[in-house]
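In: Turn this into a model:
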Amino acid sequence: LQVPRVPSEPAASSECRRFTNKHSKKALKASLTLGILLGMFFVAWLPFFITNMTQAVCGCVPAGFFDVLTWLGYCNSTMNPIIYPLFMRDFKRAMGKYLPCCRRSGEPHPSAISLSMRNSNSGPRAATSLKNVL
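Out: Numbers count the residues shown, from 1 in each chain. Next up is the predicted model:
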């Protein structure tokens, strides 16, 4: 008796697996970035909010300690623009497009008119269809 051999994986299946693997890596990176941002937010702001509630109940928190916790939260807000470009390539590209200090040589400078037209609801628009959106 001979057992028939199963043909090897077709190329489409291999391509599908590669596509899935690429997207799972992106999802993992996005989850990591979100975890870092939320973790830093909680580490910076949770002590402030707990102290704020404690101050409302007993009034026993020294003003200097409260100021330190407030500035810890402000430092967290300062870190966000640093963290986003480190972990998100799309954010880095967008910032480079609009900030002169981050622009590469040879890239066109967006004009103020084009920026305002893009951000407003006026101006010429292409017909919106599913094909144009995708």
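
In: what's the one helix or strand Q55 maps to packed up against?
Out: Counting by DSSP states H and E, the element that carries Q55 is helix 11-58. For helix 11-58, the contact count by 3 or more C-beta pairs under 8 Å, 6 or more residues apart in numbering; DSSP states H and E identifies helix 63-87 as packing neighbours. The C-beta positions use only the backbone N, C-alpha and C, and glycine is treated the same way.

In: Okay, buried residues for whichever helix or strand comes after the helix it packs on please.
Out: Next helix or strand after helix 63-87 toward the C-terminus (DSSP H and E): helix 89-98. Within helix 89-98, the residues that count as buried by 16 or more other C-beta atoms under 10 Å are M95.

In: my guess is L69 contacts P47, does it?
Out: Yes. Counting by C-beta atoms under 8 Å, L69 sits close enough to P47 to count as a contact (5.2 Å).

In: With neighbour numbers in mind, choose between those two.
Out: L69 (20 against 15; other C-beta atoms under 10 Å).
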